[in-house]
Each structure stands twice: as C-alpha cells, then as structure tokens.
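Engineer: Kindly generate the corresponding structure for this input.
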Amino acid sequence: MPIPLSAKTLTAQAAALLLATGFTVGGTGPGTSTAHAAEVDDPISSSASDAQIEMGFLGSHETGQFDESAAEITAVHGDTVFTVNAQAATVDVIDASDPTNPQKVSEITGTGVANSISIREDGLGVIALEDEDKTQPGTVMFFDANDPEADILGEVPVGSLPDMVTVTPDGSHALVANEGEPADDFSTDPEGSVSVIDLPAEVAAPSDSDVHTADFHEFEEGGAKTLPEDVRIFGPTPEEDLPISRNLEPEYITVAGDRAYATLQEANAIAVVDIASASVEEILPLGLKDHGQVGNGLDASDRDPEDAPTVNITEYEGLKGAYMPDTISTFSTGGTDYLVTANEGDSREWGDFVDAARGKDLGEDGLAPVCETSPLADKLGDEDLGRLNIITDLGLNDAGDCYEELVAFGARSFSVWTTDGKLVADSGDEFEKLTAEAVPEFFNSNHSESNLEGRSDDKGPEPEALTIGEVGETTYAFVGFERIGGMAAFDLSDPSAPKFATYFNNRAFSVSVEDEIEDASDPAALLSSAGDLGPEGITFLRADESPTDEAALVVGNEVSGTTSLYSVADLANGGDDGDDENAGTDEDAGADENAGTDQEAGADDNAGADDNAHEDAQADAAGSESNSEAGANDNARADAGSEADSRADGAVADGAESDSEAGSSADGSEASNDADGDGGPLPRTGADLGQYLILGGIAVGLIAIGTAAYFFARRRS
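Structural biologist: Prediction:
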C-alpha cells in the first residue's frame, strides 16, 4: 500500500528545497550566510576592558598578488578608494560605495613607479612617481578624482625617489618627501629633499615654476645651520660633495600649523620645514630608547632554549633602540600640537655596505667586540642578544675599539613628541605584550609566512603604518604592524599617557602563504584565505566621510595585495552602524549627531584583554518580505554558514528595502550582512527579487504537488 505523505514529510522536503536553493528555514534570508572576500573565519580581536571603540572587517578588494607590493598607500575621495599598486606601477581606482564589496573600476598610470597618493578635499589628486632609475629626479602627477576616468591634468618634476606626498590641510600646497635613496650598488647617492608645490585654487595642475625645494645644503660643513651631533650621518660617500644632504633621506611628512615635519628614518631624526619659504629650519635628533628601563623590554631572540618560554619580553641594561620612525602624524589638544611616530627602524643594505650585524658576530669580520666592561658582555648567547640585529656604527666607546652598549633598529613602539622634538610618551613594550596575549602561538610572526618568533631578532611587530582619527570626541592613534599584522588603537586623550583600546587583526595564521603557495592548486584562493598581510598604509575616515556612516579605516596591505575596509564602532555611542532602518540594533543607530558623546576611551593595565565582542548571529528573515531583522545585534556578525560556499559566492549584502544598488556586485552574487559596522544592511537588488520569485514559485509548486499527492494517497487508502 502506498505510504501517504505526512505534513512533516512535506515540511522536510520543502525545507530541503529551500536550503538547496539558498534559503534557510527559520534563519537568515538568501545570501546572509556568505562571507566577505578576504575576511578570515575568526579575526583576532582583543580589547581593554574599558575600550570605547571596536574594530571589525567590512570588505576587501583583492589583487591576487602575493608579496608584490600590489596594495600600499591609500587615499579616499567620496566613495572611491585610490590604492597605490607598485606591482603594476599604477594606482587602482576602487568603488567602495558598497564597503562589503569594493570593486576596482579603473586605474591610473603614469611614467615610472607610483609610490604615494594624496587627494585634496575638492578632488585634486596628487601622485608621487619614482623614475625608472630611482636615483634620477621623479615627478608628481595631478588628476581629477571627481572624474570617473580620473583624467590626468599634468605633472611637475621633483627630487629623486619621491616616496611620499601629502596635501596641506588648507589645500594650498603639496609636500613631497624625496628620499634620495642610493643606487642598489651604492655607486651614487642622490640628495634627499622636500618639495613644496604651490597648488592652484581650482582642480588643475600647477606649473614647473610652482615647485620649490627645501634642501639640506645649509647643514653642510661651513653652512649657516648646525647639524646636531646626534643626527646619524654614516655610510659610503660615492660623491665628494654634499655628504650630509646625500645622507639624509626624508621618508614621510605631516603638517602642523605652518610647518611640515619629515621623518629622516635612517638618520633617526625629524626635519622641520617652513612651508612658506620652502626651507629646512632645523633637524631634531630623536635620541635612543633605553631597553634597560622597566616597561621598555623586548623579546630579542627567535631561538629560545628547549623547553623555555617562547615569549621573553626582557629589559637589558646597556641595550638601546634607535626610534627610526617611518610614518609620522600629528594631532592637537589643549591648544598644543603633538607629533606621533611609528618607530619601525630600518637598515641600509646597498651593494657591499651593510650597517647591521647580529650581536654574537661582533668581534668578527672586522667588527669591534663588545667591551668586557659592558653589562652586555655575557648576554651574547642566542637566548639573549646573540641573534638580535644591531646597528654597527652606534654604541662604540670613544676609541672606537669596542661596543659599550648595543643599539637595535627601531623601538617596537609608537611615540608622542612635542613639535620641538621632546619625547612626551612612548608605548614601551605594549606592542609585544598585547600581541603575545592576542596571538600567543604566532607571537612576532613574519608576514609572508606564519611562524613563531620569526621577527623577535629583528624589529618584532615592526610598527609602520600610522594614522590619527577622532571617534566621537576622543582622538586615537591607529598603528599597523607590518609583520604580525593588525591594527592597534590607542586613546590619546592624555598625550603623556596613551592608553591601549583595542587590537584587530584580519589574518588567518593557519595559512602560511609563503610555505604553501607554490603547491597550491588555486594560489589566489589560498592567498584570499590568509586575510590581510603586511599593512603598509592607513587612511582614517570620519563618520561623515564613511560609506557606513561610522568611522572606518582603509588599509593597503602590501603582502596580501588587499585593500581592506575596517569599521570603527563608537561603543560610547552604542556602536551604531549608521542604518536607521536596521531593526534590532541599538536605538539611535546611525545618528551622526550623537557621535560626539564625551567619554574617555582607552585601556587599563590589562592591555590586550580579549573582549571577543563579535558573536555569530543569524537574523530570521527566510520567506519574509521584511528585512527589518537583518541586523539582529549591532555587535553581531552574520554566520558564514558554509565556508566553501562563502568564498565562492561573493559580495552584495542583504537586508535593506531599496533596490537602488542593483548590479553592484561584479558577479551578481550575494554576501552576508556584517552587522559589525558596515553601515547596516544594504539594498536588495532587482536580480535578488527575480531569484526570490522563481525560487518561491518552485517551492510553492512542489508543496502543491506534495499536497495533491497526500490527498490522492488518502483517497486510495
């Protein structure tokens, strides 16, 4: 006798159909189980107990290029992100109007290699271009960022290897750090300088006569200005003239008032430039950090003894660190301007010249030994300082025949300075402590491969990228770690005592790309699964500048080749995600006028404590016309569901009532609604509606067939 279909059987079949076609039963609607491109399954998030901000992943544009500097410096104009792609010698133009699915729409190509970009508020774009022969003068190219085609407006000549460009806050000048790096074989060493370019009031290119050069000639012997003794001048002098000007290499520039401040990384100094006269007023030596002082320790060895702890953040009497900042920024509070530096450190290795050596190699190959009277004389084993890379021209006694102290590259920290070069605060050893707590199994990992302590002997986390941003009424420093990855945010309310707030790292350490990519059947998919590697440049977006209506970061990651957007939720204001229609979120979500709640952000002594505020959640929207529940909790992350499907399926988020963004996904697929700060649910598209009607029709048809079969079976029985 035929077995009649029960109501339970019909429900199960209908559910199976719905699941097979992308719906869920009693859960999320279509598409909400798809992960974002380049978002890892479990991003690392660690916060202080009193943190007032929280970072989360929004979306990423992937070049698929591994360790080729395919995404470096970023700039933003409106909903468009411009990313320097050194690998392709271009600037990628990326539409980020849907921040969960940034899409490259075009590129800007000039003559030479693009190094840096800046955009004035009215859309005048500026790109620094290195000559194919880096020792020759470079150019600065201008374009119209308002134009979808980013039309080129013209270019002007500048110094050798223009490495960074910025537009002054008032928009009147473009400033260029001409690094003047030596030739690879050190056969020549061009001058370093800062170009000051007068900009037109309209969106147009200046002329050659608008370019002025701030050089270092007056600091040469016999010049009108005195070079402070602690400014590091070293290395070969292939040209007989201008040994100081050729040795100083401007790296990065910030502006405070009518002056610019350019880091001279290898010289461990900052140049102060008067913008109006295009002249270097003075050079500020930064001195050395004392790693023997409590709170200034470091983990100096990548080879710990067997069975010994792998994290050994230790102070060493007699060990110093040269700050050697890369990125520099500025902020003001209480009517005072402050400088902020990311103290990366950098060695010079050109031709036969190398200014670095391991501690245990001192006394060999023509290097002086450590003085017998030095407190470090018995600290040169691999477990202590034997593996640490130190600066060979610093720390020698007066006779120059032995090292009284050792000096490491960089300070593994960020610092706050007065504009006359006085140290106000330093983050000490917090970077290593917070990353050791957040990622203990991959402490001091490298960026191209996942390892434990791969960088302990050489600059540790390597702070490089830096930006300053205001969330609510609190100013934060956001620091990117080039090696282990991720962003750390510090509250600068008290410039003399920055407080850790939160750390976020969109990286999957389970994927070691360098070790796996050669044998990978799909290298691009492998790279994508690793997340963001090697943050190089950060742009901060205020809530009123961001496509999510809350603060955000745009990060260029040079090793993974990704341009990624991160949300910066204001927890003091309920962490709202900027979408009034997003039911289930905290009240007043997205009200910009409430973003300035005056609450102190920051950290207590438990720096790096894991807050884990991102909980997986699914909104109940299957089969419903209303999407009001798509953001069930504004600290919730839509469940990725099937990992395999989420990588393949793509990128348009589900959950709003408008279809105005139809077709915004390149592949027409759907992505999860990331309630972590992506501006709330995005509009469903016309394509979505068509899919729903077809799938719904199939489901109804099958249910009708099943119902008919049920009654037919009953009648026969």
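
Engineer: Tell me, how many residues neighbour the closest residue to residue 304 other than its chain neighbours?
Structural biologist: Across the structure, with C-beta to C-beta, 6 or more residues apart in numbering as the measure, the residue nearest residue 304 apart from its sequence neighbours is residue 310 (5.6 Å). The C-beta positions use only the backbone N, C-alpha and C, and glycine is treated the same way. A total of 16 residues lie near residue 310 under the criterion other C-beta atoms under 10 Å.

Engineer: quick one: contacts for residue 310?
Structural biologist: If you count contacts by C-beta atoms under 8 Å, 6 or more residues apart in numbering, residue 310 has them with 304, 443, 452-453.

Engineer: Which two among those are spaced furthest apart?
Structural biologist: Using C-beta to C-beta, these span at most 10.9 Å, a distance reached by 304 and 443.

Engineer: Assumed the residue nearest to residue 304 was part of a helix.
Structural biologist: No. Under the criterion used here (DSSP: H, G, I helix; E, B strand; the rest coil), residue 310 is coil, not part of a helix.

Engineer: okay, it: pLDDT?
Structural biologist: Note on residue 310: pLDDT of 91.

Engineer: now swap in residue 89 and tell me
Structural biologist: 85.

Engineer: Quick check: it touching residue 107?
Structural biologist: No. Counting by C-beta atoms under 8 Å, no contact exists between residue 89 and residue 107, whose distance comes to 9.8 Å.

Engineer: Helices of the protein, residue ranges please.
Structural biologist: Along the chain, the segments classed as helices by DSSP state H run 7-20, 243-247, 430-438, 513-516, 523-530, 643-649, 686-716.

Engineer: Off-centre distance for the second one?
Structural biologist: With C-alpha atoms, centre = their mean, to the nearest Å as the basis, helix 243-247 stands 32 Å off its chain's centre.

Engineer: List the buried residues of that helix.
Structural biologist: Applying a neighbour-count criterion of 16 or more other C-beta atoms under 10 Å, the buried positions in helix 243-247 are 243-247.

Engineer: what do you get for stretch 535-546?
Structural biologist: Counting neighbours by 16+ other C-beta under 10 Å, stretch 535-546 gives 535-541, 543, 546 as buried.

Engineer: Could you identify the most distant pair in the residues you listed?
Structural biologist: Pairwise distances across those (C-beta to C-beta) peak at 24.7 Å, for the pair 536 and 543.

Engineer: which residues does the nearest residue to residue 553 once chain neighbours are set aside contact?
Structural biologist: Spatial nearest neighbour of residue 553, chain neighbours left out: residue 566 (4.4 Å); criterion: C-beta to C-beta, 6+ apart. Contacts here follow C-beta under 8 Å, 6+ apart; on that basis residue 566 touches 55-58, 487, 504, 506, 552-553, 555.

Engineer: Report the beta-bridge partners for residue 566.
Structural biologist: residue 57, residue 553 (DSSP bridges).

Engineer: can you check residue 108 too?
Structural biologist: On DSSP bridges, the residues paired with residue 108 through beta bridges are residue 91.

Engineer: For stretch 218-235, C-alpha coordinates in CSV please.
Structural biologist: Written as CSV, here are the backbone C-alpha positions of stretch 218-235 (Å, rounded to 0.1, in the frame of the first residue of the first chain):
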residue,chain,number,x,y,z
GLU,A,218,72.9,74.8,4.9
PHE,A,219,73.7,71.9,7.3
GLU,A,220,76.8,71.0,5.3
GLU,A,221,80.2,71.9,6.8
GLY,A,222,80.6,75.7,6.8
GLY,A,223,76.9,76.2,6.2
ALA,A,224,74.7,78.7,8.1
LYS,A,225,73.0,76.0,10.2
THR,A,226,74.4,73.5,12.7
LEU,A,227,73.7,69.8,12.4
PRO,A,228,73.0,68.4,15.9
GLU,A,229,75.6,65.8,16.9
ASP,A,230,73.1,63.0,17.4
VAL,A,231,71.8,63.1,13.9
ARG,A,232,73.1,59.9,12.3
ILE,A,233,75.3,60.5,9.3
PHE,A,234,77.0,57.3,8.1
GLY,A,235,78.0,55.1,5.2
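
Engineer: which outside residues touch it?
Structural biologist: Contacting residues not belonging to stretch 218-235 are listed as 182, 186, 217, 242-245, 247-248, 264, 266-269, 279-280, 282-285, 287, 322, 348, 353, 355, 393-394 [C-beta under 8 Å, 6+ apart].

Engineer: go with 6 Å
Structural biologist: By C-beta atoms under 6 Å, 6 or more residues apart in numbering, the list of residues contacting stretch 218-235 from outside reads 244, 247, 267-269, 283, 285, 353, 393.

Engineer: what's near enough to touch the residue nearest to residue 324 when sequence neighbours are not counted?
Structural biologist: Residue nearest to residue 324 in three dimensions, not counting chain neighbours: residue 345, with 4.3 Å by C-beta to C-beta, 6+ apart. Taking C-beta under 6 Å, 6+ apart, we find residue 345 in contact with 324, 409-410, 459.

Engineer: now do 8 Å
Structural biologist: For residue 345, the contacting residues are 321-324, 408-411, 459, 462, by C-beta under 8 Å, 6+ apart.

Engineer: Where neighbours are concerned, which of those residues has the most?
Structural biologist: residue 411 (33 neighbours).

Engineer: Of the contacts of residue 566, which is the nearest to residue 70?
Structural biologist: Nearest to residue 70 out of the contacts of residue 566 is residue 555 (C-beta to C-beta; 13.5 Å).

Engineer: buried stuff in stretch 367-379?
Structural biologist: Neighbour count says stretch 367-379 has 368, 370-371, 374, 376, 379 buried, by 16+ other C-beta under 10 Å.

Engineer: any idea how far residue 75 is from the nearest residue to residue 340 once chain neighbours are set aside?
Structural biologist: Of all residues not flanking residue 340 in the chain, residue 329 sits nearest, at 4.9 Å (C-beta to C-beta, 6+ apart). In this structure, residue 329 and residue 75 are 15 Å apart, going by C-beta to C-beta, to the nearest Å.

Engineer: same question, residue 350
Structural biologist: 30 Å.

Engineer: Which of these two has more residues huddled nearby?
Structural biologist: residue 75 (25 against 17).
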